[in-house]
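S.K.: Provided below for reference: sequence and predicted model.
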Amino acid sequence: MQIDYHAILPALILSGTILVVLVTDLFLPQRHKSASMWVALFGVLATLVAVLSLVGQGDRSTFGGSYVVDAFTIVFQTFFMSAAAVVLLISYRYFRDGGFYQGEYYFLLLTSFLGCLLMPASRDLLMLFLALELVSAPGFLMAAFRKADVKGNEGGLKFFLIGVLSTAVMLYGMSLIYGLTGHLQLNEVAAGLDALTGAKQTLANAAILFVVAGFAFKVSAVPFQFWAPDTYEGAPVPVAAFLGVASNTAGFAGLLQLMFVAFVGAYTFWVPIFFALSLVTMSLGNLVALQQRQVVRLLSYSGIAQAGYILLPFALVTEDPAINHSAFQAAVTYLLIYGIMNIGAFAVTTAVSRRHPRLQIEDFRGLMRTAPLLATAMTVFMVSLAGVPPTGGFWAKLLIFQAGIQRGGIGVVLAVAMVINSVISVGYYFLIPRAMIFEEGEDPSPLRSPTLVTAVVAVAMVALLVIFVVPNAIYRLGEVSSLAFGG
Amino acid sequence: MTWQNSAITITTLLPLVGALAILFVPSAQDRLVKGIGIAVTGVCLVLAIAIAATYDYGTSGLQFVLNTSWIPVINARYHVGIDGISMPLYVLTFAMGFLCAVYTWRFVPEPGRVKAFVALTLLLITGMAGTFISFDLILFFVFWELVLVPMYFLIGVWGSANRQYASIKFFLYTLFGSVFMLLGFLALYFNSPVDPATGKHTFDIVALTAWGGAGTTHLFQLVAFGGIALGFAVKVPMWPFHTWLPDAHTEAPTIGSVLLAAIMLKMGTYGFIRIALPILPDGAVSYAPWIGALAAIAIVYAALCCLAQKDLKRLIAFSSVGHMGFVMLGIATLTTIGIQAAIFGMVAHGVITGMLFFCVGSIYDRYHTRQIADIGGGMSQIMPKMAGIFAFVAIASLGLPGLAGFWGEVMALLGSFSPNTSAVAGLNVGLFRTFMVLGGIGTILTAGYFLWMLQRVNMGLAPDRWKDHGFRDILSVEWVSWAPLLAAILVLGLIPSIVLNSTEQGVNAIVRIFGG
């Protein structure tokens, strides 16, 4: 079998970096352990270059169609490697100053990102499963990295137990689908499922349900969301950022391929499920978020609500390819913009955690005086998460509304539910700007933020404002990233 | 780029540029920041006047058009232009913006932070002005929402005691309305005709107006008009969606109240005239009696509320609800005279109520209270000029003939005497005459509460506690920022055709849709 090494070059580079990080850490003296970050960052940037070198080369497929590089893959791989760079940058001082095992952490983080990198390129069930596990398994360890903290242990264990359970259920579903259709590749699975009738079809539907449940856990959709707030709160803040941004998006990247390709024929069965998932997830996430006073927990519930918004386009699938394309595009665009604002919010939280490790909302009081740049940026992130101009978050929401209205019927119902939820979400998103700007803190001395974190925050803020003015570029990314299939 | 196609873009975005420039000024340089604010808004005003002066009033339709690609993926375009209906509101926006910037030279509310205050005000001006020139629904919506965040912070940071509650209430209320408006816009998009050139539907307001909802079901028109009107109605605000307004106005800093009253409320009524009526005429006809009824209720209800107010600023805020009721009543008649009345009423209310909020702000600056009972009367003794101006503006607001407030109200009442009864509109004359009677009662009550207010504030003997306070009567900065408004109140009252001639062509075109 001919292997397209250029197509898998990004994965090769990242894998190599992972090994280098692991080995060099053994030889680094204790005070220079933090150098692992720079090795990791260099590898991630090299991977990014490799990904970008695939732009404009046409769709490529290798390993018999199991690994495909198309626009969808490139867009998401670029996103994941950028996210990796950002998470590394905000981790640097946190882990160096916090007395953590650094080499091990960067090794685990990059391994998770390797899973993220493989996810959008994976076009068969087995690859998807491997990618998902590669994302999750190091995550269980990283979530519990604050070893001395009871909450960290609790969160990590919850994450592990629920994660393993849902993985088992998903794998069971995948094995049923393989048994029923005899195929692993997504487009062959789709054809195989279409041919089923009677009891086999019912069994296939049950299998789809199992697989969806596994991914629903990954993206913290209700009722599989219980782990998220505890895990986020207990984890180091940069790890929470990883879970909220990269791991979550990887789950969606996989889910998009499954629902819009492999299982699309059975949409009459699963569209109502996604309707309910989306509705309940966004509403419950928002309502519970209103009660939160700890910022990481607030962001985790916000993430649940946002997952509800991103699940919405799945419920719009019909027989009309135009509507499916709009829905797909809306979901992809939302993921990209959401990633930027969410990681920005986590970056600011990381900076604030240096002075206020408990990260209550009151801890943000007076931030406009003590750290004007961070406070301004955080305000932009919160306004953007709420989906209000003048920020990029508005355009993310607009596409989903638009797809909903285009679909008509249940699409309109969901769009109305989403706009009401968006208004509710202002109630908690604005708690943070209110504390930062309207109230005064106890300590008026300037809050010093690590340079790397400040840089990340500034870039994310500017990106959201630029996207607001010229949204077409990011809309184009969403538009082109339809899935191509080799084989 | 020529003057014709770039003038309004430059004028509208200049405040935004000014706001960005201010970010780079060291925060100690307060006077420089204020100076930039005055200079930028001053240049904008000059440009706006130049646009008004070079506009050709003889023809209908848009002028100063710039229609260029913006977001091709969803076929949203950067389509701006100006017509006779937009013109008075556009000029008013920059006039009020400039006067507010001048006022800020002397009066920056607690807690200072001049940079942020001026920058947010400039951002607000761009948002408001942009709303009046956008001819693409998405662009319109973006400008529409752009005002929310700056106003939220203006109220929340520089407001009075209950500011946090008022600011979030303002934000949530208006956002709630406008998200439904957005869904309505999207529904319009997917029902609009496909442009053969691009193969896509359109957000273009001119194209949508030409389409006029043709071929859509009555139910669609009802639902779409309902969603869109909800957004506008909250902004106006129409009774019963008005409850955010007294809080926002009362807590906002003076220039926040001025801009809110003078410009921002007009965005809602402008939206009705520009978007809701011409694009969804069938829906408009069905809703007109209801809008008229809510307007009549608003007029009477607001007047009764005013009679009960103890807080001077809150009283003025409630009076806005009543005045906007007259504007909405005029719109609901679907007649030329009614819609003309509405636009004139918008401008007049902007000038008069904006001026009233200036007065109340300056009165508060002297007394440090807004409670009518605490002021205790006798302002004519302590500050005769201030009292004189306050009386002049209050009397203009109650609709004295010869001053600006008169025309909008009387024409709205005339319009509801003979609403549009053409085959298309077919409004019920009896019903609208009932609204007229209610409106008439409202004007009497309005006169009542304003005169009673003047009696309690201006007349009588000043309480001893204020006598020796040495309040300074009107300051020069106040003269500068108020004199144009006082002149405008008089000029608009004497020569209403300044506005009416500008809007005539546009209004006729809209009323023609309704067979008028």
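M.R.: Cool, the structure landed. Numbers count the residues shown, from 1 in each chain, chains lettered A, B, ... in the order given.

S.K.: need the contact list for B:Met383.
M.R.: Applying CB atoms under 8 Å, 6 or more residues apart in numbering or on different chains, we find B:Met383 in contact with B:Arg366, B:Phe471, B:Arg472, B:Asp473, B:Ile474. Every C-beta, even on glycine, is put in place using the N, C-alpha and C of the backbone.

S.K.: now B:Met411, nearest residue through space, not along the chain?
M.R.: Beyond its immediate neighbours in the sequence, the residue positioned closest to B:Met411 (CB to CB, 6 or more residues apart in numbering or on different chains) is B:Ala341, lying 3.3 Å away.

S.K.: isn't there a helix covering that neighbour?
M.R.: Yes - assessed with DSSP: H, G, I helix; E, B strand; the rest coil, B:Ala341 lies in a helix.

S.K.: Give me the next element, helix or strand, following the helix or strand that contains B:Gln221.
M.R.: Using DSSP states H and E, B:Gln221 sits within helix B:218-235. Beyond helix B:218-235 on the C-terminal side, the first helix or strand identified by DSSP H and E is helix B:244-251.

S.K.: partner strands of the longest strand along chain B, parallel or antiparallel?
M.R.: Looking only at chain B and at elements set by DSSP state E, the strand with the highest residue count is strand B:63-71. Sheet pairing here is set by DSSP bridges, and for strand B:63-71 it gives strand B:76-82 (antiparallel).

S.K.: Downstream of the strand it pairs with, the next helix or strand is which one?
M.R.: With elements assigned by DSSP H and E, the helix or strand that comes after strand B:76-82 is helix B:86-104.

S.K.: so where's chain B shaky on pLDDT?
M.R.: By pLDDT under 70, the weakly predicted segments of chain B are B:1, B:516.

S.K.: Which residues of it lie near chain A?
M.R.: Taking CB under 8 Å from any CB of the partner chain, the part of chain B that reaches chain A is made up of B:70-74, B:138, B:142, B:145-146, B:148-149, B:152-153, B:156-157, B:163-164, B:168, B:171-172, B:175-176, B:179-180, B:182-183, B:186-187, B:189-190.

S.K.: and these, which are buried?
M.R.: B:70-71, B:73-74, B:138, B:142, B:145-146, B:148-149, B:152-153, B:156-157, B:163-164, B:168, B:171-172, B:175-176, B:179-180, B:182-183, B:186-187, B:189 (16 or more other CB atoms under 10 Å in any protein chain shown).

S.K.: Let's see which of those residues end up in helices.
M.R.: Within those, membership in helices is found for B:138, B:142, B:145-146, B:148-149, B:152-153, B:156-157, B:163-164, B:168, B:171-172, B:175-176, B:179-180, B:182-183, B:186-187, B:189, as judged by DSSP state H.

S.K.: list the contacts for the spatially most central residue of chain B?
M.R.: Within chain B, the residue whose C-alpha comes closest to the C-alpha centroid is B:Lys266; the distance, by CA atoms, centre = their mean, is 2.7 Å. Applying CB under 8 Å, 6+ apart, one finds that B:Lys266 lies in contact with B:Leu89, B:Leu92, B:Met346, B:His349, B:Gly350.

S.K.: Distance check, it against B:Ser86.
M.R.: The spacing between B:Lys266 and B:Ser86, counted by CB to CB, to the nearest Å, is 11 Å.

S.K.: cool, and A:Ser122?
M.R.: A:Ser122 is 54 Å from B:Ser86, by CB to CB.

S.K.: Next, give phi and psi for the closest residue to A:Leu14 other than its chain neighbours.
M.R.: In space, and not counting its chain neighbours, A:Leu14 is closest to A:Thr47: 4.6 Å by CB to CB, 6+ apart. For A:Thr47, the backbone dihedrals (degrees, to the nearest 10) come out as phi -60, psi -40.

S.K.: tell me the contacts of A:Thr47?
M.R.: Taking CB under 8 Å, 6+ apart as the criterion, A:Thr47 is in contact with A:Pro10, A:Ile13, A:Leu14, A:Thr17, A:Met81, A:Ala84, A:Leu117.

S.K.: give me that answer again for 10 Å
M.R.: Going by CB atoms under 10 Å, 6 or more residues apart in numbering or on different chains, A:Thr47 touches A:9-17, A:77, A:80-81, A:84-85, A:110, A:113-114, A:117.

S.K.: Model confidence at it, what's the number?
M.R.: On the pLDDT scale, A:Thr47 is placed at 96.

S.K.: A:Gly486 now?
M.R.: Looking at A:Gly486 specifically, the model assigns a pLDDT of 36.

S.K.: picking that back up, between A:Ser122 and B:Ser86, which has more neighbouring residues?
M.R.: B:Ser86 (29 against 24; other CB atoms under 10 Å in any protein chain shown).

S.K.: What distance do you get for the residue nearest to the more buried one when sequence neighbours are not counted to B:Leu89?
M.R.: Using CB to CB, 6+ apart and skipping the chain neighbours, the partner closest in space to B:Ser86 is B:Phe132 (4.7 Å). Here B:Phe132 is placed at a distance of 5 Å from B:Leu89 (CB to CB).

S.K.: Now do the shared contacts for the two.
M.R.: With CB under 10 Å, 6+ apart applied, the overlap between the contact sets of B:Phe132 and B:Leu89 consists of B:Ile82, B:Ile263, B:Lys266, B:Met267, B:Tyr270.

S.K.: and of the residues you listed, the nearest to chain A?
M.R.: Among the shared contacts of B:Phe132 and B:Leu89, B:Met267 lies closest to chain A (CB to the nearest CB), at 14.2 Å.
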